[in-house]
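> Below are the sequence and a predicted model; questions follow.
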Amino acid sequence: MRAYELASDEKQYMIDLRRHFHRQPELSWQEYATTKKICEELDRLSIPYSKLPKTGVVATLEGGKKHPVIGLRADIDALPVKEVRDLPFKSLNEGVMHACGHDSHMSMLLGAAKILSGHKEELSCTVRFIFQPAEETIQGARTLLDNAEVMECDDFFAIHIFPYIETGGISVEEGPRFTSADTIKFKVIGQGGHGSMPQDAVDPILTSAAVINNLQSIVSREIDPRDTCVVSVCSIHSGSASNIIPNDVEMLGTVRTFSPKVREVLPEKIERVIAKTCETFRAAYEYEYIHGTPATINDPQSSERAERAVREILGEEGLVKYEKTPGGEDFAWLLEKKPGCLAFVGCRNEANDQKYALHNERFDLDEEAMVNGAALFVQYVLITQSEI
Ligand code: NI
């Protein structure tokens, strides 16, 4: 099976699908029409599937052997963004847009499903096509953790289309690719009073200022400089007048790191700083650390197989390096359980004005990139099936 040539043959099929999905974007957990369209395509390809409880689908293609089971994943939701460009396939759902390229993810995965089902005799594994809802909530993949078919997979592979890399380039490095993304929610509790008589009050505003400053000493003084993390207080609410010391201050923040080891120690460190600072200023506190998505970490062996797959379809020049980035991606929930790899497939083409960032209201992708992506899905399966 020559993956790249076969994917090229499916270019128009994928473009048509992508434009269909692009016209009808649906928000997280509301991907009903999207799910229906995916099922229709799977029916046409005679690939059996089971629907996920709300939205999304898991399809199964059985080759010569039951194992390994290779899970190929595409996310299917869109964003609450108003598309501003007048593309011929512009969103018909006002205020909702496939601004993160998930329309192309589904199309590439359907393209790969079509190719693989047409060459079933060359498969010595089971391929599971996972069309996952609600990636943008960073919780969609988490709900797959109690799906037996998904958890039966021995290895996972996913693609994110990437406008920061020129079309023709693909990055599949091992190790951390995205950070974990957790939330801190806390309250500094003082005692209200008159602004002119602070001695009769416990000032939560002054305490909060100290808490925010002191929290930064965790990153600068307690974390190994070879590791990285970010603790950002991003929301602060309190007060009603210029002369009233309020009762309390509510704050929200985000905590990010590439290192699971660092992530483990942060909740306690943050609470200690909040608690001791509040004590110094005679204030009390409430604190909650909300675990979000883990860091996205590519398994070395899966990455190495993905590298060979890229070389096979695009040659040495197809393999590009891209530095890890402090965003979040919920595929991490799956990679925390099983080995696997997330690939960044370049889709930047400035000549066609396809250069805007993911989530931007002008985002568009070079559709040629979908040939590379579908070929990569196929080639990854071919290499992986005989090696794990
Ligand atoms: Ni995305």
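Looks like it arrived, so ask away.
> residues of stretch 265-279 that come out buried?
By neighbour count with 16 or more other C-beta atoms under 10 Å, stretch 265-279 contains the buried residues Leu266, Pro267, Lys269, Ile270, Glu271, Val273, Ile274, Thr277, Cys278. Placement of C-beta: from N, CA and C, glycine included.
> dump the residue contacts of the third one.
Under the criterion of C-beta atoms under 8 Å, 6 or more residues apart in numbering, the neighbours of Lys269 are Ile218, Glu222.
> quick one: pLDDT of it?
Predicted confidence (pLDDT) for Lys269: 98.
> What is the subsequent helix or strand relative to whichever strand or helix holds it?
Element membership of Lys269, judged by DSSP states H and E, is helix 260-280. Sequence-wise, the next helix or strand downstream of helix 260-280 (DSSP H and E) is strand 284-293.
> where does the stretch 201-350 of the chain have low pLDDT?
In the prediction, the stretch 201-350 of the chain carries no residues with pLDDT under 70.
> just the strands in it please.
229-237, 244-245, 248-257, 284-293, 296-298, 340-348 (DSSP state E, counting those that start in this stretch).
> In TSV: those, plus mean neighbour count and distance to Ile159.
Below are the strands of the stretch 201-350 of the chain laid out as TSV (neighbours: other C-beta atoms under 10 Å; distance: least, C-beta to C-beta, whole Å):
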stretch	mean neighbour count	distance to Ile159
strand 229-237	15	26
strand 244-245	18	54
strand 248-257	21	23
strand 284-293	16	18
strand 296-298	26	13
strand 340-348	26	5
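> Export these as TSV, with columns for distance to Leu87.
Shown next, in TSV, are the strands of the stretch 201-350 of the chain (distance: least, C-beta to C-beta, whole Å):
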stretch	distance to Leu87
strand 229-237	33
strand 244-245	53
strand 248-257	33
strand 284-293	31
strand 296-298	30
strand 340-348	15
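> So which of the ones you listed is nearest Ile130?
strand 340-348 (11.2 Å; C-beta to C-beta).
> from the buried residues of stretch 265-279, which is closest to Asp9?
Asp9 has its nearest neighbour among the buried residues of stretch 265-279 in Leu266, at 49.3 Å by C-beta to C-beta.
> Now do the contacts for the closest one.
Asp182, Ile218, Cys229, Val231, Val255, Thr257, Tyr289.
> Tell me the spacing between it and His291.
10 Å (C-beta to C-beta, to the nearest Å).
> For the two, list the residues in contact with both.
Asp182.
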